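Enquirer: predicted model and sequence below, questions to follow.
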Amino acid sequence: MERLKDSQAALTLNYNAYNDVVTKPLLPLNVDDAEVLKKLLNSVMNRESVSHMQNVKTPKESTELRSSIADVLLLLDDCDIKEIKANMKKSTSTAA
């Protein structure tokens, strides 16, 4: 639960940083609603696609925001990817 709150706080910071560097801000953020977060993730990815097609550099905040959104979405689904990676690393080091 603590990890979810930390990730939601990081998401809010990344969301604000992203909105500070883009010309058209994103829709309002609701860190507890998975559907809103999915739409937000799609919006960010669509903006990156358009930037790529127009040969315009995407802001680094875009990547950080995508990562934060994905992390919170996984945590809302009770899937802690950092814990899974840590367990995989631990089991590989034990097997060696």
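Expert: Great, that's in hand.
Enquirer: how about the spatially closest residue to Asp20 that is not a sequence neighbour, what does it touch?
Expert: Once flanking residues are discounted, Asp20 sits nearest to Glu61: 7.9 Å by CB to CB, 6 or more residues apart in numbering. Backbone N, C-alpha and C define where each C-beta goes, glycine included. With contact set as CB atoms under 8 Å, 6 or more residues apart in numbering, Glu61 has these partners: 14, 17-18, 20-21.
Enquirer: show me those that map onto strands.
Expert: Applying DSSP state E to the contacts of Glu61, no entry is found in strands.
Enquirer: adding neighbour count, pLDDT and distance to Glu2, write those residues out as a markdown table.
Expert: Output for the contacts of Glu61, formatted as a markdown table (neighbours: other CB atoms under 10 Å; pLDDT from 0 to 100; distance: CB to CB, whole Å):
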| residue | neighbour count | pLDDT | distance to Glu2 |
| --- | --- | --- | --- |
| Asn14 | 20 | 97 | 19 |
| Ala17 | 14 | 96 | 23 |
| Tyr18 | 22 | 96 | 25 |
| Asp20 | 10 | 95 | 27 |
| Val21 | 10 | 94 | 30 |
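Enquirer: re the thing from before, next SSE downstream of the helix or strand where the residue nearest to Asp20 lies?
Expert: For Glu61, the enclosing helix or strand under DSSP states H and E is helix 60-76. Using DSSP H and E, the next helix or strand after helix 60-76 towards the C-terminus is helix 81-95.
Enquirer: convert the C-alpha atoms of the lowest-mean-pLDDT helix or strand in the chain to CSV, please.
Expert: When each helix and strand of the chain is scored by mean pLDDT, DSSP states H and E, helix 81-95 comes last, with a mean of 80. This file holds the C-alpha atoms of helix 81-95, laid out as CSV (Å, rounded to 0.1, in the frame of the first residue of the first chain):
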residue,chain,number,x,y,z
ILE,A,81,6.7,-5.1,-10.9
LYS,A,82,9.6,-3.9,-8.7
GLU,A,83,8.9,-6.7,-6.2
ILE,A,84,8.7,-9.2,-9.1
LYS,A,85,12.1,-8.0,-10.5
ALA,A,86,13.7,-8.1,-7.1
ASN,A,87,12.5,-11.7,-6.5
MET,A,88,13.7,-12.7,-10.0
LYS,A,89,17.1,-11.2,-9.3
LYS,A,90,17.3,-12.9,-5.9
SER,A,91,16.3,-16.3,-7.4
THR,A,92,18.9,-16.0,-10.2
SER,A,93,21.7,-15.0,-7.8
THR,A,94,20.7,-18.0,-5.6
ALA,A,95,20.8,-20.4,-8.5
